[in-house]
Every structure is written in structure tokens, then in C-alpha cells.
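Student: Could you work out the structure for the sequence below:
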Amino acid sequence: MAFSTPDDCRYADSHEFVRAEGELARIGVSAFAVDQLGDIVFVELPKVGASLSQGSSFGTVESVKAVEELLAPISGVIEARNEAVLASPEELQNDPYGEGWLLLVRPSEPAQIDALMDAATYSAKVDGH
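Tutor: From the prediction side, this is the model:
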């Protein structure tokens with residue numbers, strides 16, 4: 001099954017995506033990862049103002065199957081978090097690239113975004129899983 005991988009996003013090996021939006025970057029979880037998790041029942045995210053360090057854990061997504069750590073695809077400072085997903089975790093399943101985003105971050109090293117996989121590379125990786 002082919003999963004949605006928007007071209008305007010970059011992807012980490014751990015299945016988080018980053019969408020550059022001017023000076024900020026929106027972080028979420030790919031449609032492939034959401035599908036693998038199944039029914040999502042709980043999302044835990046850090047507070048606004050917290051710092052992310054690329055590759056380190058910044059929260060969890062809990063499904064009926066498992067609890068998965070979220071790993072920061074880039075370093076930066078959290079400017080906003082999606083309170084709607086915290087209140088209704090199913091938003092993450094319904095629209096991972098839209099209403100289901102997780103964090104809005106001010107990148108400390110914008111070049112980290114370019115180093116992530118592009119949509120074609122990520123699609124090839126997950127389609128062959």
C-alpha cells in the first residue's frame with residue numbers, strides 16, 4: 001500500500017516529518033507511522049518553550065498496540081504545540097499532515113531539515129517495509 005508523503009515535507013528514519021514554514025518548522029508523524037500504530041489513544045508532547053535536540057525523545061504516541069517514542073527530526077525551540085491532538089488523539093490518525101500536526105518549532109540549525117529524506121526517498125523506504 002502506498003502512503004501519502006507530501007512533497008513539501010522532509011522525513012526522518014524514525015517516521016517524523018518536518019514541513020518548513022518560513023522561519024518555523026511544523027513537526028508531525030507520517031501517515032505510514034500512524035497506520036503502523038493503529039488506533040491512537042494518547043499523545044504526550046513537551047511544553048511550549050522547551051528545546052528539542054535532534055534525535056532525542058520529545059514525547060510519546062500511545063495506541064492500542066504499543067507506546068512509541070517520538071524522536072526530534074531537528075533541533076530547535078517549541079513555539080506551539082497542537083492542543084487539539086492532545087485533547088483528541090484521533091486527529092493524528094485522521095489527518096497526520098494537516099490537523100494532526102504535533103509541534104511548531106523554531107529550528108536552531110535549519111540545515112538539519114535539508115539533511116532529512118525527501119518524499120521520494122521516504123516513500124521508497126516505507127513502501128518496501
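
Student: Residue ranges in this structure under the pLDDT threshold?
Tutor: 1-2, 129 (pLDDT under 70).

Student: ok, and what's touching the longest helix along it?
Tutor: Using DSSP state H to define each element, the chain has its longest helix at helix 119-127. Residues from elsewhere that reach helix 119-127 (CB atoms under 8 Å, 6 or more residues apart in numbering): 2-3, 5-7, 9, 11, 13, 15, 30, 32, 117. C-beta coordinates here come from the backbone N, C-alpha and C atoms, glycine included.

Student: What subset of these is buried?
Tutor: 3, 5, 9, 11, 15, 30, 32, 117 (16 or more other CB atoms under 10 Å).

Student: can you tell me which residues contact the last one?
Tutor: Contacts of Met117 were listed using CB under 8 Å, 6+ apart, and they are 10-13, 125.

Student: burial measure for Gly98, as a count.
Tutor: Burial of Gly98 is recorded as 10 neighbouring residues (other CB atoms under 10 Å).

Student: in what helix or strand does it lie?
Tutor: Element membership of Gly98 [criterion: DSSP states H and E] is none; it lies in no helix or strand.
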